[in-house]
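Student: structure here, sequence nowhere to be found:
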């Protein structure tokens, strides 16, 4: 910490400390290395009573340099099947959208990113998104279709993924 | 939740407070997000470009300006001017640019392109040029006013433009409307539950099909260890499913019993199989429990049709829901398509996105705050919708492409194909005819007479058709729209026939096999069925909503012609009486406009009729009397569903029936009055309606704007009371009270028999109602009791009648039967017919069974003998009451108003000059004196009606208590509703008061409280509360009246002011102009031809004369003006040209001075606070502008009516706008319009200027930063 510390770094550090001190259930998140606070690795537990139950999913949080003015991006690695997750693993959720991003006003302003939000809140929202997909703003059309029309297959595929994520 | 040390941290950077960067709490948020650093907050606000309020609690942040020590008292003028200029350039100029490009590229270009496209396609279809060259053809098309080889020069191009533009605009609008219509109908139809149901009926349900299919497949695949028997049973199960779907609808006529037995057997096996399969599948079952249960239900479906229907419905709902999801993706695509196809819609609709981006942040905030008032005002001017120039060009290009494609697809291709089809049909018919003719002539000897007939037929029927067809096929000259339309229509019909045929084919394939259609076939059928359904619904809707009102309007036109037409066009001697009054206007040949006018009239009439029926239904008559007219709040009225599901011919016959009823109502109810009056007296008609001058319109608008709100509920109330008494009177007379108004009067249950004609005539004796006598024993009774002269003889019976307007259709069949007074059937009705039942069941499937609530309650009412005749008599009596009400009101109004309008029109006799048209209603000059008080005159009626309404208002305030009490005894409903109404009115008035900035705002809150207190009282409680409420009500009325009188006074002052202003202008003009011209003519002698013999000096002449006189210097003139005014009345005979000049200058001066009061007014208002401005001046200015715009439209219409045989609408409008045909109107409306516009513009700019130079702005200009203020420390 000899260099001049930016707002973003300071804030990320605070959030890291906060998360380490008081970790919420089912969430583990930390910077990959202490040198670069802008890339975090997270482990998310699948919410119970959903096909994602028992799964542990790995995701990468990428923070911009002007954090917390701009939202971070979240990418599941490996990608998981979900209507709101692109096939490359990037999560599409309103809390991760910058306030000026949405010209069509699909999402209300208060749903979108604001510096009041935090890593913890993002991850909690993602977990609730896993439990309740929002097909209105689908990111993965195939998953959307499957989720709407053939829930069984969808559940089956997700369960397979869960098994794979656990290395079974 | 908060950080560990509980030390407050910034919600953005999560850092603690420090000395040089303290924490603030600018909003209501508490807890971990309470505090924020000033810098963090400002950075966030700047980067996010969001409104300056908290994201969470929405509290606006308040900032304090940080100012340097020494700021000047005032902004330097250069800064003000510079900043204002910046604003002007930024605002109006860029706006103007966008408006101009918008107009050029969207409003002008698109219709022209449309016409161009059509002309090009026409050229290809016709295979010939309409004008000499292709360019000329494309430019002029079939414009009649231009010759074949016209020269391409400016006037001709203007002619082309006018012609093309009006056509293009019309056709583009029609295309746009029809495209939107198709889209809307598609949405309606395909979302309707009946659509899915009908489709399932025709081609089988996809849902069952898919589900069973899948289950059986699953079972077969997942259980390889099934034995042969089980497999066979599963196949049976599949058949069974088909039967379940097919049986109820398709096999209704088949032998039921056999089917039933088979079905029963299969059902049992199915149950077994399912049970077996269930055991095998138990492991997997847990996951798909729901689905399977549904299947079992479907499979176990028993033969009770009702249950099955219910289930089917459920499934349908599922299917619809499913489809909803399917549709979602499709919908997006469709919407995208529409956006592409209908760019004009985009142009018309406001575009929120670019606007938000373009405007500076301050205005942005306003928009985000959803200030409705601002929006409305913005709409009034239409200039707040900004389309950037590049956007309009893009829209134009898209629109052009779309137009080309659409026209190619719906016009060009069908036309060509149609020509081909036509030639095919033509050749076939021709060959057939020739063959037939040959065989007939050779085989059958024809008499000469028949041959003659055949010749006639051949010459007059076949030959022209033959020629036309040949012309179309060979594209012979000259081409016309009819020739182009024939192949197109033919093609459309063939296409529709194809659709129907394909549908039929698919349906039969389903009926034969009873296997629901799947995948591609199903999709094809879906499209076909969609087309068919849209067409069906569209046809019915268009008949109901377009043609039906138009026909009503036409009938009204016919029956109202006696009111309007003068004697030369209307008399009974030459049997010139069944004519349309519109026919004698400029609209004689413009059928389209006439149609529109008819439509508007008819729609108004029908809505008025509906209002009347609604009034009766709610307040006057018993509920359930009008069960045959669907009430608008009927939960079962689903227009689209009904139109889609019910058989076409049945619906047509219903429409025809209601059309007949309407026609009878119009012709008899209105026609008899108008024709009759005209026949009886020629004095009342024709009504004088020559008063639609702009001034009159302005005054009328202003008065009604001020007064309509208190008057509407007042009129409603008294109309309601009138009809209440009218109904009660009629029903009592006709002994229908029990049935009609629900008041069971024992006296009505029979008739009175008098001893002799003498007693009958005088009716002095009252019978003893407690001692009724039967009809048979009456003579003996009278003999036994010589002192009794009148006896009461009961007759009639009790029937069951619906007691609700939403009563179910099926239940109605059980009503209207004779019962005892305690509701026991006298006769049992045998209506248990099996066949009938079945038929009803099939009907039910499509119609009534899914009514939302089946009301099956009834009441017992008394029915006198000759019930039907009594009802007809009731209608007649009501008609007479209606005549008394309407004609009484109008004629009284006319009589009261005549002196006023006569007095006003005296002015026009004294001062017969053009300016009078501004002020006065001039129609009296044409009247004969002896008729002046009898002839209906619209202006008299207007004034009279105002006076009448005002009297009614006075009456209402004075006698309110008595009337209310009187009504209350009879029907508490009226009072309760009236009170509600008045509350509504009061609230409305409150709003109004806020708008108009009434001074007595303080009273309002108090009043509101009072009235709320009254409302909370329970009306059912004893009279004390009621009386209190009454007194309270009275006080309210008093207050309202005070307010109203204040308003009236204001209005009066306003009108008087306008009157004075206008007469001042008038006198100045008159004296100046006449004097000037007198002098001018005196001076010049009769050498100026243009001014000779011209008593009415029009505006153009004024200008001409004005141009001929040279003004040396304006200041000089102003100096001498006062002196000249003194000399004005004593003009010397030998006036010189210098004097003329001065008088003209005087004229100019006075004219210009008329603007000063307005400007002063503006100035006065601008010195007030901005709130006052936005509340008072802006709305009033805008209202003035609205009035002027409406006035202009009226003026144009007026001109249209005056110029009977001119060359088309475009010509007329251009004439009206340029003032060519009538300079008066030009001066009257357009100049003032311009004036008000410019004042508005100036005032806007001035407003900006003021804003900028006041303190706040100054401080903002000099501020070097800002500091956020903690919440609550304001």
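Tutor: Happy to help now that I have it. Small disclaimer: the values here were computed from a predicted structure and weren't measured.

Student: what number of residues lie near residue B:501?
Tutor: Using other CB atoms under 10 Å in any protein chain shown, residue B:501 has 11 other residues around it. Bear in mind the C-beta positions are built from the backbone N, C-alpha and C, glycine included.

Student: elements contacting the helix or strand containing it?
Tutor: Per DSSP states H and E: residue B:501 is located in helix B:481-513. The contact analysis (3 or more CB pairs under 8 Å, 6 or more residues apart in numbering or on different chains; DSSP states H and E) places helix B:481-513 against helix B:109-126, helix B:193-203, helix B:413-443, helix B:463-474, helix B:519-542.

Student: 7 Å instead?
Tutor: Applying 3 or more CB pairs under 7 Å, 6 or more residues apart in numbering or on different chains; DSSP states H and E, we find helix B:481-513 packed against helix B:193-203, helix B:413-443, helix B:463-474, helix B:519-542.

Student: buried set for the helix or strand hosting residue B:641?
Tutor: Assigned by DSSP H and E, residue B:641 falls within helix B:639-645. Residues of helix B:639-645 classed as buried by neighbour count (16 or more other CB atoms under 10 Å in any protein chain shown): B:640, B:641, B:642, B:643, B:644, B:645.

Student: residue B:137: which of those residues is nearest?
Tutor: Ranked by distance to residue B:137 (CB to CB), the buried residues of helix B:639-645 are led by residue B:643 at 43.6 Å.

Student: phi, psi for residue B:9 please.
Tutor: phi -130, psi 160 (degrees, to the nearest 10).

Student: tell me what it is bridged to.
Tutor: residue B:16 (DSSP bridges).

Student: secondary structure class for residue B:861?
Tutor: Assigned by DSSP: H, G, I helix; E, B strand; the rest coil, the conformation of residue B:861 is strand.

Student: give me the element residue 43 is part of.
Tutor: Let's take chain A. Using DSSP H and E, residue A:43 falls within strand A:36-45.

Student: looking at chain B here, not the other one
Tutor: helix B:38-48.

Student: what comes up buried for that helix?
Tutor: Buried, per 16+ other CB under 10 Å, within helix B:38-48: B:38, B:40, B:41, B:42, B:43, B:44, B:45, B:48.

Student: and the gap between the fourth one and chain A?
Tutor: To tie it back to what came earlier, the one meant is residue B:42. According to CB to the nearest CB, to the nearest Å, residue B:42 stands 11 Å off from chain A.

Student: equivalent analysis for the last one, please.
Tutor: To chain A, residue B:48 is 5 Å away according to CB to the nearest CB.

Student: residue B:893 and residue B:946 touch, don't they?
Tutor: No - proximity of residue B:893 to residue B:946 does not meet the contact threshold set by CB atoms under 7 Å, at 8.4 Å.

Student: just want the angle from the helix or strand where residue B:404 lies to helix B:413-443.
Tutor: In this structure, residue B:404 is located in helix B:389-407 according to DSSP H and E. Inter-element angle recorded for helix B:389-407 and helix B:413-443: 20 degrees (by axes from the mean of the first three to the mean of the last three CA atoms, to 10 degrees).

Student: list the buried residues in the helix or strand of chain A at the bottom of the mean pLDDT ranking.
Tutor: The helix or strand of chain A with the poorest confidence is helix A:141-149; it has a mean of 81 (mean pLDDT, DSSP states H and E). Using 16+ other CB under 10 Å as the test for burial, helix A:141-149 gives A:143, A:144, A:145, A:146, A:147, A:148.

Student: that one - contacts with which helices or strands?
Tutor: Using 3+ CB pairs under 7 Å, 6+ apart: helix A:141-149 touches helix A:151-165.

Student: same for the helix it packs on, what does it pack against?
Tutor: Counting contacts by 3+ CB pairs under 7 Å, 6+ apart, helix A:151-165 packs against helix A:141-149.
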